[in-house]
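In: Build me a model from this:
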Amino acid sequence: MPGTPNKPDNSWLSRNSKLLKENPQLFLQKVGSWLKPMRKDYRRRWGPGLRRWLLQYQTEIVFNKVSWMGVTARKMVLDAWVYQQIIYEIRPEIIIEIGNAEGGSTKYLANMLDLVGGGEVIGVDIDHSIFKGHHPRTSLVTGDSLAPETLARVDELASGRTGLVIHDGDHSREHVLADLRAYAKFVSVGGYFIVEDTIIDLFRAGDGLGSVNGPLGAVEQFVREDPRFRIDPSCEKFVLTFNPHGYLKRIA
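Out: The predicted structure follows:
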């Protein structure tokens with residue numbers, strides 16, 4: 001029986017040993033780049049730790065420097081990239097977004113549905129007076145997310161369709177848990193219930209980002225009581241996220 005051919009050694013040591021033999025000048029330039037300090041202007045930007053950067057994003061960037069097509073979008077932009085990957089993968093019939101503010105993220109979601117060729121965004125917020133993200137694929141429901149009339153209207157608009165739910169409403173643990181229980185039925189198998197800003201429970205209250213009794217505890221309690229959902233850590237692959245443990249995938 002013929003033996004299995006050996007795989008070529010493509011390790012870091014092997015590649016650089018080969019480079020040293022074949023092109024010593026380039027190898028020395030490469031070594032020089034390893035020893036060279038980072039440029040001072042970018043050292044100040046890239047030097048701070050991840051925690052400090054997240055605080056800076058929250059306090060200096062997210063509320064007035066992030067927009068989608070000219071409309072303010074209060075989102076961590078890497079989370080928005082994850083959303084488009086999910087939308088492309090599952091092609092949701094509906095996306096229910098709880099908490100819309102100015103509507104930049106609502107419009108972003110509608111534009112993603114444009115690209116995949118179907119679906120509707122149902123925007124739920126207690127106040128739409130500052131909303132600017134209007135789009136033909138979007139329907140707005142104004143009212144408390146847990147009010148019977150709000151839930152009845154969402155039921156009517158959904159018309160038996162399922163897909164994604166994205167929660168960016170009241171971040172208190174009690175309210176988030178109630179919303180999880182009330183809106184879970186709108187998530188398709190393979191779809192996601194995304195709970196935003198669970199990060200606030202991982203920071204200190206009063207530091208600019210942290211709080212107490214936020215949504216993370218609600219998420220962890222919900223997945224314990226509802227086995228149809230599990231936390232999907234693969235959605236945190238970019239490390240920078242405002243939704244740690246907040247991507248709940250429906251598996252049954």
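In: ok, how many other residues are close to Ile130?
Out: 11 (other C-beta atoms under 10 Å). Placement of C-beta: from N, CA and C, glycine included.
In: In which helix or strand does it reside?
Out: Under DSSP states H and E, no helix or strand contains Ile130.
In: From Glu102, how far out is it?
Out: For Ile130, the distance to Glu102 under the criterion C-beta to C-beta, to the nearest Å works out to 6 Å.
In: Could you do Trp46 as well?
Out: The spacing between Trp46 and Glu102, counted by C-beta to C-beta, is 30 Å.
In: okay, the two: which has more neighbours?
Out: Between Trp46 and Glu102, counted using other C-beta under 10 Å, Glu102 has the larger neighbour count: 19 against 10.
In: residues in contact with the more buried one?
Out: Under the criterion of C-beta atoms under 8 Å, 6 or more residues apart in numbering, the contact partners of Glu102 comprise 71-74, 130-133.
In: Thought Ala252 was touching Val189, still the case?
Out: Yes. Val189 sits in contact with Ala252 when judged by C-beta atoms under 8 Å, with a separation of 6.6 Å.
In: which of those two has more neighbours?
Out: Looking at Val189 and Ala252 with other C-beta under 10 Å, you find the greater number of neighbours at Val189, namely 11 against 8.
In: Ramachandran coordinates for that one?
Out: Summarising the backbone geometry of Val189 under the convention degrees, to the nearest 10, its torsions are phi -60, psi 130.
In: same deal with Glu120?
Out: Reported as degrees, to the nearest 10, the phi and psi values for Glu120 are phi -140, psi 140.
In: quick one: pLDDT of it?
Out: Predicted confidence (pLDDT) for Glu120: 98.
In: where do the helices sit along the stretch 51-200 of the chain?
Out: Using DSSP state H, counting those that start in this stretch, the helices of the stretch 51-200 of the chain run over residues 77-90, 104-116, 148-158, 173-183.
In: For Arg52, which of these is the nearest?
Out: helix 77-90 (16.9 Å; C-beta to C-beta).
In: buried residues in that closest one?
Out: Within helix 77-90, the residues that qualify as buried are 79-80, 82-83, 86-87, 90, counting by 16 or more other C-beta atoms under 10 Å.
In: same thing with stretch 190-210?
Out: Of the residues in stretch 190-210, those buried under the neighbour-count criterion (16+ other C-beta under 10 Å) are 191-201, 203, 209-210.
In: so which of those residues comes closest to Leu248?
Out: Phe193 (4.5 Å).
In: Find the nearest non-adjacent residue to Glu149, please.
Out: Of all residues not flanking Glu149 in the chain, Gly143 sits nearest, at 6.2 Å (C-beta to C-beta, 6 or more residues apart in numbering).
In: what's the distance between the one you found and Leu151?
Out: From Gly143 to Leu151 the distance is 9 Å (C-beta to C-beta).
In: Contacts only, for Pro135.
Out: Just to correct that, residue 135 is His rather than Pro. For His135, the contact set (C-beta under 8 Å, 6+ apart) comprises 106-107, 110-111, 121.
In: and if you look at Trp68?
Out: For Trp68, the set of contacting residues under the criterion of C-beta under 8 Å, 6+ apart consists of 80, 104-105, 107-108, 111, 133.
In: that older thread, need the buried residues of stretch 190-210 in JSON lines (columns: pLDDT).
Out: Listed next are the buried residues of stretch 190-210 as JSON lines, based on pLDDT from 0 to 100:
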{"residue": "Gly191", "pLDDT": "98"}
{"residue": "Tyr192", "pLDDT": "98"}
{"residue": "Phe193", "pLDDT": "98"}
{"residue": "Ile194", "pLDDT": "98"}
{"residue": "Val195", "pLDDT": "98"}
{"residue": "Glu196", "pLDDT": "98"}
{"residue": "Asp197", "pLDDT": "98"}
{"residue": "Thr198", "pLDDT": "97"}
{"residue": "Ile199", "pLDDT": "97"}
{"residue": "Ile200", "pLDDT": "96"}
{"residue": "Asp201", "pLDDT": "96"}
{"residue": "Phe203", "pLDDT": "94"}
{"residue": "Leu209", "pLDDT": "95"}
{"residue": "Gly210", "pLDDT": "94"}
